[in-house]
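In: sequence and predicted structure are below.
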Amino acid sequence: MSGHSKFANIKHKKEKNDAVKGKIFTKLGREIAVAVKEGGADPNSNNKLKDIIAKAKSNNMPNDTIDRSIKKAAGDANSVNYEFVTYEGYGPNGTAIIVEALTDNKNRTASNVRNAFTKGNGNVGTPGCVSFMFDRKGQIIIDKEEYDKEADDLMMVALEAGASDFNEEEDSYEILSEEDSFSAVREALENAGIPMAQAEVTMIPQTWVELTEELDIKMMNRTLDLLDEDDDVQEVYHNWDE
């Protein structure tokens, strides 16, 4: 995977997020609401909520906005009727795409997702058609500009907390863990005062696909933009090496 910078993609996402913070915060608010309904409003006894709070902070969601979202969800838990749905399919040149949505209307969401694939010359497939090409992992990215200690020190903190892999790139460090170990690793870094540019459970491609045709790149971007604009879509994973 040499040459594929995860941090470059994160910076690109954050730049886009700056223009649509309201939409991002709305999506994070939904995740917080579902986590509160499932496990309660206290992050100390609700690891899922604690992880979503960390994800929200890495997306620059203000603490008071996070607190309001938790209080609102706790006081209105019975009205939270969102459910998670996942779609899998193919983009240009066989690229694999996974879409995770949180919706109160599965028919609407399915129609919108199908439309995004179709307009990008792709198609929605059957459950499991591409997910086997990804690994579900905890992923933490640390900006080298924000961390001024030795890489070995960071690696030891991560590995001792249960991380499974540590990678150094030109501009960042990547820490990977199994999904079950993610919370412990993230908390260990947080307790050590280590700033995290990204901290979340994600789907990591086993291999990457390059698109060389201008039309393929245009169509792939069209699909991703349409999915990004959909209020129901929480996360989009793909194996296009941008």
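Out: Perfect, thanks for sending it. Numbering: from 1, shown residues only.
In: Leu215: neighbour count?
Out: 10 (other C-beta atoms under 10 Å). All C-beta spots, glycine's among them, are computed from the backbone N, C-alpha and C.
In: tell me the contacts of the nearest residue to it once chain neighbours are set aside?
Out: Leaving aside its chain neighbours, Leu215 sits nearest to Pro92 (7.6 Å; criterion: C-beta to C-beta, 6 or more residues apart in numbering). Each residue near Pro92 by C-beta atoms under 8 Å, 6 or more residues apart in numbering is listed here: Gly120, Asn121, Gly122, Leu211, Glu213, Leu215, Asp216, Ile217, Met219, Met220.
In: residues in contact with the last one?
Out: Shown here is Met220, whose contacts under the criterion C-beta under 8 Å, 6+ apart are Gly91, Pro92, Thr95, Gly120, Leu211, His238, Trp240.
In: how close does the third one sit to Asn239?
Out: Put plainly, it is Thr95. 6 Å (C-beta to C-beta, to the nearest Å).
In: so for the two, which sits in the more crowded spot?
Out: The residue with more neighbours, out of Thr95 and Asn239 and counting by other C-beta under 10 Å, is Thr95; that gives 24 against 20.
In: distance-wise, check the more buried one relative to Ile140.
Out: Counting by C-beta to C-beta, the gap from Thr95 to Ile140 is 26 Å.
In: what about the helices in the protein?
Out: Per DSSP state H, the chain carries helices over the ranges 6-19, 21-39, 47-58, 63-75, 106-119, 151-161, 182-191, 214-229.
In: rebuild the ones you listed as JSON lines, extending it with mean pLDDT.
Out: Listed next are these as JSON lines, based on pLDDT from 0 to 100:
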{"stretch": "helix 6-19", "mean pLDDT": "57"}
{"stretch": "helix 21-39", "mean pLDDT": "88"}
{"stretch": "helix 47-58", "mean pLDDT": "89"}
{"stretch": "helix 63-75", "mean pLDDT": "90"}
{"stretch": "helix 106-119", "mean pLDDT": "97"}
{"stretch": "helix 151-161", "mean pLDDT": "95"}
{"stretch": "helix 182-191", "mean pLDDT": "93"}
{"stretch": "helix 214-229", "mean pLDDT": "95"}
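In: wait, which of the ones you listed is closest to Glu145?
Out: Closest of those to Glu145 is helix 6-19, at 10.2 Å (criterion: C-beta to C-beta).
In: out of the contacts of Pro92, who's nearest Lys50?
Out: Using C-beta to C-beta, the contacts of Pro92 come closest to Lys50 at Met220, 34.4 Å.
In: from Lys27, how far out is the closest one?
Out: Met220 sits 22 Å away from Lys27, taking C-beta to C-beta as the criterion.
In: what helices or strands is the biggest strand by length in the chain leaning on?
Out: When the chain is scanned for its longest strand (criterion: DSSP state E), the result is strand 134-143. When contacts are defined as 3 or more C-beta pairs under 8 Å, 6 or more residues apart in numbering; DSSP states H and E, strand 134-143 packs onto helix 6-19, strand 172-178, helix 182-191, strand 198-205.
In: what do you get if the cut-off is 10 Å, keeping everything else the same?
Out: helix 6-19, helix 47-58, helix 151-161, strand 165-168, strand 172-178, helix 182-191, strand 198-205, strand 233-238 (3 or more C-beta pairs under 10 Å, 6 or more residues apart in numbering; DSSP states H and E).
In: and the average pLDDT for it is what?
Out: What strand 134-143 shows for mean pLDDT is 94.
In: before we move on, the earlier item: do you know which of the helices and strands packed on strand 134-143 lies nearest Ala101?
Out: Closest among those, using C-beta to C-beta: strand 233-238, at 5.1 Å.
In: thanks a lot, catch you later.
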